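In: Sharing a model that was predicted from the sequence below.
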Amino acid sequence: MATTSGNLRVDGARLWASIMEMAKIGALPGGGCGRLALTDDDKRGRDLFASWCEQAGCAVTVDEMGNMFARRPGRNPDLPPVAAGSHLDTQPHGGKFDGVFGVLAALEAVRTLNDAGVETEAPIEVINWTNEEGSRFAPGMIASGVFAGLFDRDFAYGVRSPEGETLGDELARIGYRGTESCGEHPLGALFEAHIEQGPILEAEGVPIGVVSGAQGQRWYDVEVRGRDSHAGTTPMPARKDALAAAARMAARVEDIALGKAPDAVGTVGQFDVSPNSRNTIPGEVRFSVDIRHPDAGVLAAMDAEIRDSFTAIAERGDVEVTIAQIWEKPPIEFDARCVKAVREAAAGLGYAHQDIVSGAGHDACQVCTVVPTGMIFVPCEDGISHNEIESATPEALEMGCNVLLHAMLAMAGGVPETSGSLHP
């Protein structure tokens with residue numbers, strides 16, 4: 001049996017070909033993918049992935065949330081596996097790489113180990129998490145959340161699509177409602193490779209992002225209540241214009257985030273105006289607010305600024321405002337050993353790299369609460385994602401996959417020097 005070396009590299013052409021083959025399932029006219037969770041196309045993608053894993057000598061198991069685990073044996077079957085993966089579902093008008101790269105990069109790492117005859121001490125696993133995007137069944141990252149104990153399984157099963165189907169029923173319909181209890185699958189460590197979905201690495205000319213953690217997030221539903229009245233006959237001082245006040249509030253979200261740049265972001269992504277009539281002053285507006293920052297203290301300060309400014313704007317406009325925080329995710333720091341494994345893998349391969357904080361949520365951000373976890377980012381063109389034009393170069397994906405391979409080997413006891421491994 002051959003041993004590993006610093007010269008071990010993945011087959012970038014094979015990785016690219018696999019991504020392009022998966023992209024044919026749910027292909028869209030604009031070059032992207034619309035492979036929503038638990039649709040027939042998702043089943044086709046899962047079936048193809050399972051067949052590739054089995055061809056690579058892996059045993060595939062599925063838990064009750066449809067999460068797929070493909071195991072390559074290690075020398076010591078009693079050790080928990082070192083895993084890597086992401087998700088195969090996409091946005092309605094998604095790209096070829098978001099999530100898919102992470103799943104197929106992990107598979108390519110397994111194929112490379114097979115080609116080189118490398119045996120690891122701990123088993124290696126490739127994971128496909130269910131419904132990361134949340135486009136069909138909200139919230140996103142729900143299956144990895146059940147795995148981490150952040151969501152109840154029965155709650156997840158009962159979540160409905162816009163058409164009324166439940167997640168649990170659709171899992172069963174496509175044949176991926178497994179029997180293994182979600183969360184009881186042992187994992188020794190988890191890595192997730194992903195396109196950055198932002199512009200930083202490309203702008204800096206750096207091919208590898210060593211992800212140290214993820215931003216904290218708070219989501220709000222805001223309701224502004226004024227009074228419907230005639231647009232032509234109601235004098236300006238007598239108006240209770242809910243939309244005018246809501247627009248000022250939305251502008252304040254942007255100002256607050258800009259005041260804490262570059263790390264802070266603030267977004268108003270949904271706006272619902274009632275009665276939505278051309279010649280009626282709006283009496284009611286509902287809108288969403290999403291704020292994010294990697295520092296919990298700054299995030300709390302943003303929360304206070306939003307509440308104070310919204311209250312002041314409401315008083316000025318003679319309207320009422322209700323602010324309901326509907327979700328919070330504290331800032332995340334990934335496991336120090338996993339982050340070190342990624343950083344040292346990039347350095348050992350001679351790749352320029354920098355630490356980076358994820359602005360988006362990922363399955364790794366859920367599972368890190370129960371499993372040592374790390375992430376690897378690679379650049380994507382113009383930082384664009386969740387869009388059919390999402391693009392990453394074969395070279396960038398190959399480099400990210402090489403880093404993933406060597407980080408996993410370091411943690412799984414598959415390299416001569418295993419001082420940083422979980423299993424010395």
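Out: Nice, I can see it.
In: May I ask which helix or strand encompasses residue 60?
Out: Using DSSP states H and E, residue 60 maps to strand 59-62.
In: Using the three-state scheme, assign the residue lying farthest from the centre of the chain.
Out: Distance from the C-alpha centroid of the chain, by CA atoms, centre = their mean, peaks at residue 233 (50.0 Å). Following DSSP: H, G, I helix; E, B strand; the rest coil, we place residue 233 in the coil state.
In: any idea of the pLDDT on it?
Out: pLDDT, residue 233: 98.
In: Pull the contacting residues for it.
Out: For residue 233, the contact set (CB atoms under 8 Å, 6 or more residues apart in numbering) is empty. Any C-beta I mention is one placed from the backbone N, CA and C, and that applies to glycine too.
In: can you tell me how far it sits from residue 239?
Out: Going from residue 233 to residue 239 by CB to CB, to the nearest Å gives 11 Å.
In: Dead centre of this structure: give me the residue that sits there.
Out: residue 362 (2.4 Å).
In: where are the low-confidence patches of the stretch 1-150 of the chain?
Out: The stretch 1-150 of the chain contains residues with pLDDT under 70 at 1-6.
In: What segments of it are strands?
Out: 59-62, 68-72, 82-87, 124-129 (DSSP state E, counting those that start in this stretch).
In: Out of those, which gets nearest to residue 275?
Out: strand 82-87 (39.8 Å; CB to CB).
In: for that closest one, the distance to its chain's centre please.
Out: 12 Å (CA atoms, centre = their mean, to the nearest Å).
In: Then stretch 315-328?
Out: 29 Å.
In: Would you map the helices across the stretch 301-424 of the chain?
Out: Applying DSSP state H, counting those that start in this stretch to the stretch 301-424 of the chain gives helices spanning 336-348, 363-367, 394-412.
In: Indicate which one of those is closest to residue 55.
Out: helix 394-412 (18.2 Å).
In: how big is the angle separating the closest one from strand 124-129?
Out: Angle of helix 394-412 versus strand 124-129, following axes from the mean of the first three to the mean of the last three CA atoms, to 10 degrees, is 120 degrees.
In: Helix 394-412 packs against which elements?
Out: helix 12-23, strand 82-87, helix 100-116, strand 189-195, strand 208-214, helix 336-348, strand 373-378 (3 or more CB pairs under 8 Å, 6 or more residues apart in numbering; DSSP states H and E).
In: Tell me how many other residues crowd residue 198.
Out: By other CB atoms under 10 Å, 21 other residues sit near residue 198.
In: I misspoke; the intended subject was residue 191.
Out: 32.
In: ok, the closest residue to it other than its chain neighbours to residue 383 distance?
Out: Closest residue to residue 191 apart from its sequence neighbours, by CB to CB, 6 or more residues apart in numbering: residue 84 at 4.3 Å. Distance of residue 84 to residue 383, given as CB to CB: 23 Å.
In: With neighbour numbers in mind, choose between those two.
Out: Comparing residue 84 with residue 383 by other CB under 10 Å, the one with more neighbours is residue 84, at 30 against 17.
In: my read: that one touches residue 409, true?
Out: No. Using CB atoms under 8 Å, residue 84 makes no contact with residue 409, being 11.1 Å away.
In: Is it correct that residue 253 falls within a helix?
Out: Yes. Membership of residue 253 in a helix is supported by three-state DSSP.
In: Tally up the residues packed near it, please.
Out: 24.
In: which ones are touching it?
Out: With CB under 8 Å, 6+ apart, residue 253 has these contacts: 266-268, 289, 291, 306.
In: Most neighbours of all the residues you listed, which one?
Out: residue 289 (26 neighbours).
In: Quick one: work out the angle between the helix or strand harbouring that residue and strand 208-214.
Out: Using DSSP H and E, residue 289 falls within strand 284-293. Angle, strand 284-293 to strand 208-214, by the same axes, to 10 degrees: 120 degrees.
In: buried sites along strand 284-293?
Out: 284-287, 289-293 (16 or more other CB atoms under 10 Å).
In: Within its sheet, name the partner strands of it and how each one runs.
Out: strand 216-225 (antiparallel), strand 265-267 (antiparallel), strand 271-274 (antiparallel) (DSSP bridges).
In: Can you pull out the residues in contact with the last one?
Out: Just to be clear, that refers to strand 271-274. Taking CB under 8 Å, 6+ apart as the rule, strand 271-274 contacts 242-243, 246, 250, 282-287.
In: Now do residue 171 against residue 271, distance only.
Out: On the measure of CB to CB, residue 171 and residue 271 end up 33 Å apart.
In: do residue 35 as well
Out: Taking CB to CB, one finds residue 35 at 29 Å from residue 271.
In: Settle it for me: which of these two has more neighbours?
Out: residue 35 (29 against 14).
In: got the contact list for the more buried one?
Out: Contacts of residue 35 (CB under 8 Å, 6+ apart): 25-26, 41-42, 45, 88-90, 94.
In: run the last query once more with 6 Å
Out: Contact analysis of residue 35 by CB atoms under 6 Å, 6 or more residues apart in numbering lists 25-26, 41-42, 45, 90.
In: And residue 227, by the same measure?
Out: Per CB under 6 Å, 6+ apart, neighbours of residue 227: 240, 283.
In: Now with 8 Å, please.
Out: Residue 227 touches 239-240, 281, 283, counting by CB under 8 Å, 6+ apart.
In: TSV for those, including pLDDT?
Out: Shown next, in TSV, are the contacts of residue 227 (pLDDT from 0 to 100):
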residue	pLDDT
239	98
240	98
281	98
283	98
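In: so of those residues, which ones are in strands?
Out: residue 281 (DSSP state E).
In: Name the nearest residue to residue 245, ignoring sequence neighbours.
Out: Residue 245 sits nearest to residue 317 (CB to CB, 6+ apart), 3.8 Å away.
In: ugh, typo on my part, it should be residue 140
Out: Nearest non-adjacent residue to residue 140 (CB to CB, 6+ apart): residue 134, at 2.7 Å.
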